[in-house]
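structure, please.
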Amino acid sequence: MTEARLLLGLDALSFLEGKGFSILRTEFARDADEAVRAAHRLGFPVTLKVSSPDALHKTELGGVKVKLRGEEEVREGFREIAEAFRAQRPEGRFEGVLVQEQGDGVEVIVGTLLDGQFGPVLMFGLGGIFAEVLEDVAFRIIPIEREDARQMIRELKGYPLLAGARGVRTDLKRMEDFLLKVSRLMEDNPQILEMDLNPVFLSRGEPLICDARIKMGGPQKAAP
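Sure, this is the predicted structure:
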């Protein structure tokens, strides 16, 4: 058993991309000038998020700025994020910001945890601010089958929103595929202790991971 460690921000997103998941295009910027250049490469509008190992709850720290549509808004957003972080985490390490293409679609959350009795467990629910406010989630023991994924989606009180209420269009088959892929990831990588993917943007295309936190440190496979 190795000591547990956290993958956050771009490290977590890159890990998941390497495992075949789709992520929102993201770049790291140390200062406002780099943030502006990254925004031009990604295309406006963009989102800025604080990058720091001492900022697990970015929104509560004032560390997220969304739908920034030009250079001045990006510069101002960088300044406000840096000031908010330093005011609330004076001893923390401010690394810069993540510049991210603007997500679109319904926000959902996918998570995993290790239960002392049942082992790896998969969680699915409405994401973003709704994750904590509504607590509308479903759980299954890993591994799951296609029918498990289908039922998890349909158990949510917010299922009508996912199914197209109020003109929202989503591809629930792709969401089932996503849940199955997370289940297989946990089976194939016992070093993953917990994951928190929130939000994941669900639309008519492939679900896109916007933010992730991964706790690593389980048993490692012996070298050949």
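
okay but I23 is in contact with L208, surely?
Yes: I23 lies in contact with L208 (CB atoms under 8 Å); the separation is 6.4 Å. Placement of C-beta: from N, CA and C, glycine included.

give me the residues contacting stretch 66-76.
32, 35-36, 39, 44-48, 65, 77, 99, 102 (CB atoms under 8 Å, 6 or more residues apart in numbering).

and which of the residues you listed is nearest to E187?
T47 (32.2 Å; CB to CB).

assign a three-state SS to the closest one, would you?
Three-state call for T47 (DSSP: H, G, I helix; E, B strand; the rest coil): strand.

what's the burial count for I153?
Neighbourhood size, I153 [other CB atoms under 10 Å]: 22.

doesn't P199 fall inside a helix?
No: going by three-state DSSP, the assignment for P199 is strand, not a helix.

look up how far E187 lies from it.
24 Å (CB to CB, to the nearest Å).

surely D148 is in contact with R140?
Yes: with contact defined as CB under 8 Å, D148 and R140 form a contacting pair (4.9 Å).

tell me the mean pLDDT over stretch 121-140?
Taken as a whole, stretch 121-140 has a mean pLDDT of 83.

show me the helices in this structure, by range?
Under the criterion DSSP state H, helices of the chain are mapped to 9-18, 32-42, 71-88, 130-134, 146-155, 159-162, 172-188.

and the contacts of stretch 66-76, which are buried?
Listed as buried from the contacts of stretch 66-76 are 32, 35-36, 39, 46-48, 65, 77, 99, 102; burial here means 16 or more other CB atoms under 10 Å.

and these, which is the shakiest by pLDDT?
Among the buried ones among the contacts of stretch 66-76, Q102 has the weakest pLDDT, 93.
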